[in-house]
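Engineer: Mind looking at a prediction? Sequence and model below.
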Protein chains: 2
Amino acid sequence: MNRKLSSIFPLTDEEARAIRELPIQVVELKSGQDIVRLGERPYQCCLILQGFTCVYKLSVGGKRQIMALHVPGDIPDLQSLHLEVMDISIASISPCAVGFFQHEDARRMCEHHPRLTAAFWRETLIDASIYREWLLNIGQRDAYARVAHLLCELLIRLRAVGLVEDHSFELPITQEEMADTIGISAVHVSRTFQALRNAGLIETTRTRIHLPDWEGLMETGEFDPLYLHLRGEAA
Amino acid sequence: MNRKLSSIFPLTDEEARAIRELPIQVVELKSGQDIVRLGERPYQCCLILQGFTCVYKLSVGGKRQIMALHVPGDIPDLQSLHLEVMDISIASISPCAVGFFQHEDARRMCEHHPRLTAAFWRETLIDASIYREWLLNIGQRDAYARVAHLLCELLIRLRAVGLVEDHSFELPITQEEMADTIGISAVHVSRTFQALRNAGLIETTRTRIHLPDWEGLMETGEFDPLYLHLRGEAA
DNA sequence: CGAAGCATTGAATTTTCTCAAGGTCTGTGG
DNA sequence: CCACAGACCTTGAGAAAATTCAATGCTTCG
């Protein structure tokens, strides 16, 4: 959590210590398990230590929209600190390790360290900024650009937590999940991947993605990392 | 601001007074004016007193996505309190009155009234919740349901600030703006409105919308107001 | 090895878009 | 007060993007 938080917000030693001392219960999850469900009233938040999770909702017709992907260091349900009832569900999309901390403990910590309140608040604001960019992505770009944009974002976010090597990263996500993330069908994801491969913009193995032409992919996806609000070097 | 805030967060008298005493500079705007632009570093926030504004971004190809519509009582750029650089632009879509308050003043007020910090934070979390619902709307529903959903949301939000009478409200928005909001073309908005009229779900005049079949429209739009996190009576 | 899940490909269909023309409303200036 | 310009809305027709359905192939894991 420190690593992630300090990538978006500089912490003093004392603040860093307060965070380390926050009691955390670590849980291991298999892929495809719900962590929290729409309608629940949680009293804790979950910090991702390892693996990937997604935030999703189902439409009445049973279609799933994935509204967010979260990576190690993220706190996907930080909102529950101030919104009693969950308006989303969160599930693991790979084997995960997550750490639960109590709202109560987090609130107490924030009272003693007001700058941590600001840091957490900022974190939720960046989540919101990503939602906005995804709205632009889904609302205005075609499938080809949508995929490119998403891959660019994942590279930058994963690099910020040290999970990228040479423009290449693990992405244990099925094409069906990617489809639900960018609002197209799974079949069309497959076709779009083909097109991106043929254009020399991506190389994939089952669980790993390599982006051999970063400049080209950024242009294709109209990607500008401003909206991620990283401090320090970004693109 | 009090009316809106207290609809999502109960305030004490003292807190209400602190808000009333926040220095505000009122400005009148014509329709179609930018209030703040992507890339800027504002030192103030804007509270909408009258009229409608939208949050938007342009794609490289020049297409516009409207990520949010804001109504009186909303603070569309509250995020700028903790995110230095704007990642969006905000414009009026009708004649507006807005009140600017300084970040500095808001921060001081929050220090003295920690529960107001929570109230503002909560407000930004609800904005985020709306973004998520819009992602579901744009990503998974067809044009017909998208329009229905948006109209349901606007009715509920406008009713919370007293701008609805008998399932009818002013909506000074062009079909082009609505198109950019829900990610379809303006032509298709027109066709979709026709279909909704023929189904007896909406009645429109130039600037006013009436929803004669509220139950039917909610069902069509798969609308559930949970995500708006209103306190007290909702639907 | 075999089953299950995942990915790919083709073909037909649907939704939505674009282009283009015509119609309606509204505010302004003569 | 009326005519007109400009913005906005409507409608049709053809085109494009993406979907669905269905069949086949590939991996991985027990």
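Structural biologist: That came in fine, so what should we check first? Residues are numbered from 1 along each chain as shown, chains lettered A, B, ... in the order given.

Engineer: what's the host helix or strand of residue A:105 packed up against?
Structural biologist: Following DSSP states H and E, the helix or strand that holds residue A:105 is helix A:103-112. Counting contacts by 3 or more Cβ pairs under 8 Å, 6 or more residues apart in numbering or on different chains; DSSP states H and E, helix A:103-112 packs against helix A:13-20, strand A:44-50, helix A:114-140. All C-beta spots, glycine's among them, are computed from the backbone N, C-alpha and C.

Engineer: Quickly check: the first one near chain B or not.
Structural biologist: No: among the residues of helix A:13-20, none lie within reach of chain B under Cβ under 8 Å from any Cβ of the partner chain; the closest is 15.7 Å away.

Engineer: what's downstream of that helix, the next helix or strand?
Structural biologist: Remark: after helix A:13-20, the chain's next helix or strand is strand A:25-29, criterion DSSP H and E.

Engineer: thinking again about what came up before, would you mind putting the helices and strands packed on helix A:103-112 into CSV with mean pLDDT and mean neighbour count alongside?
Structural biologist: Putting the helices and strands packed on helix A:103-112 into CSV (pLDDT from 0 to 100; neighbours: other Cβ atoms under 10 Å in any protein chain shown) gives the following:
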stretch, mean pLDDT, mean neighbour count
helix A:13-20, 86, 14
strand A:44-50, 95, 21
helix A:114-140, 96, 22
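
Engineer: wait, which of those is closest to residue A:206?
Structural biologist: The closest of these to residue A:206 is strand A:44-50. By Cβ to Cβ, the value is 18.8 Å.

Engineer: Between helix A:13-20 and the closest one, find me the angle.
Structural biologist: If you take axes from the mean of the first three to the mean of the last three Cα atoms, to 10 degrees, strand A:44-50 sits at 100 degrees to helix A:13-20.

Engineer: Could you check the pLDDT of residue A:3?
Structural biologist: Listed pLDDT for residue A:3 reads 64.

Engineer: And for residue A:235?
Structural biologist: Looking at residue A:235, its pLDDT stands at 47.

Engineer: quick one, strands of chain A?
Structural biologist: Remark: strands assigned in chain A by DSSP state E are A:25-29, A:34-36, A:44-50, A:53-58, A:64-70, A:89-92, A:96-102, A:168-170, A:203-204, A:208-210.

Engineer: Of all these, which one is nearest DNA strand C?
Structural biologist: Between DNA strand C and those, the shortest gap by Cβ to the nearest atom of the strand is with strand A:203-204, which sits at 7.2 Å.

Engineer: who's in contact with the closest one?
Structural biologist: Contact with strand A:203-204 is made by A:193, A:197, A:209-212, as judged by Cβ atoms under 8 Å, 6 or more residues apart in numbering or on different chains.

Engineer: where's it relative to the chain centroid, distance-wise?
Structural biologist: Between the centre of strand A:203-204 and the centre of its host chain there is 21 Å, according to Cα atoms, centre = their mean, to the nearest Å.

Engineer: now it: mean pLDDT?
Structural biologist: Averaged over strand A:203-204, pLDDT sits at 94.

Engineer: Partner strands of that strand and their direction?
Structural biologist: Paired neighbours of strand A:203-204 in the sheet (DSSP bridges): strand A:208-210 (antiparallel).

Engineer: and the strand it pairs with with DNA strand D, contact?
Structural biologist: No: on the criterion Cβ under 7 Å from any atom of the strand, strand A:208-210 is out of touch with DNA strand D, staying 9.9 Å away.

Engineer: List the buried residues of that strand.
Structural biologist: residue A:209 (16 or more other Cβ atoms under 10 Å in any protein chain shown).

Engineer: where does chain A have its least confident helix or strand?
Structural biologist: Lowest by mean pLDDT, DSSP states H and E among the helices and strands of chain A is helix A:2-8, with a mean of 63.

Engineer: what residues are up against residue A:179?
Structural biologist: A:185-186, A:188-189.

Engineer: could you redo the last one with a cut-off of 7 Å?
Structural biologist: By Cβ atoms under 7 Å, 6 or more residues apart in numbering or on different chains, residue A:179 lies in contact with A:185-186, A:189.

Engineer: again with residue A:132
Structural biologist: Neighbouring residues of residue A:132 by Cβ under 7 Å, 6+ apart: B:67, B:88, B:131.

Engineer: from those, which is closest to residue B:13?
Structural biologist: Among those, residue B:131 lies closest to residue B:13 (Cβ to Cβ), at 33.0 Å.

Engineer: Correct me if wrong: the closest one contacts residue A:131.
Structural biologist: Yes: shown here, residue B:131 and residue A:131 form a contact pair, counting by Cβ atoms under 7 Å, at 3.7 Å.

Engineer: Enumerate the residues of chain A near DNA strand C.
Structural biologist: Taking Cβ under 7 Å from any atom of the strand as the criterion, the neighbours of DNA strand C within chain A are A:174-176, A:186-187, A:190-191, A:193-194, A:206.

Engineer: and those, which are buried?
Structural biologist: Using 16+ other Cβ under 10 Å, the buried ones in those are residue A:193.

Engineer: what ranges of chain A fall below the confidence cut-off?
Structural biologist: Where chain A drops to pLDDT under 70, the residues are A:1-9, A:232-235.

Engineer: Restricting the selection to alpha carbons, write the helix holding residue A:105 to CSV.
Structural biologist: Listed next in CSV are the C-alpha coordinates belonging to helix A:103-112 (Å, rounded to 0.1, in the frame of the first residue of the first chain):
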residue,chain,number,x,y,z
HIS,A,103,-13.2,0.9,8.5
GLU,A,104,-13.0,1.7,12.2
ASP,A,105,-9.2,1.4,12.2
ALA,A,106,-8.8,3.4,9.0
ARG,A,107,-11.0,6.2,10.3
ARG,A,108,-9.0,6.4,13.5
MET,A,109,-5.8,6.6,11.5
CYS,A,110,-7.2,9.3,9.3
GLU,A,111,-8.2,11.4,12.4
HIS,A,112,-4.7,11.3,13.7
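
Engineer: and the closest residue to residue A:53 other than its chain neighbours, how many residues sit next to it?
Structural biologist: By the measure of Cβ to Cβ, 6 or more residues apart in numbering or on different chains, the closest residue to residue A:53 outside its immediate chain neighbours is residue A:70, 4.7 Å from it. Residue A:70 has 24 neighbours, counted by other Cβ atoms under 10 Å in any protein chain shown.

Engineer: Hmm, residue A:70 is touching residue A:48, no?
Structural biologist: Yes: using Cβ under 7 Å, residue A:70 is in contact with residue A:48, at 5.5 Å.
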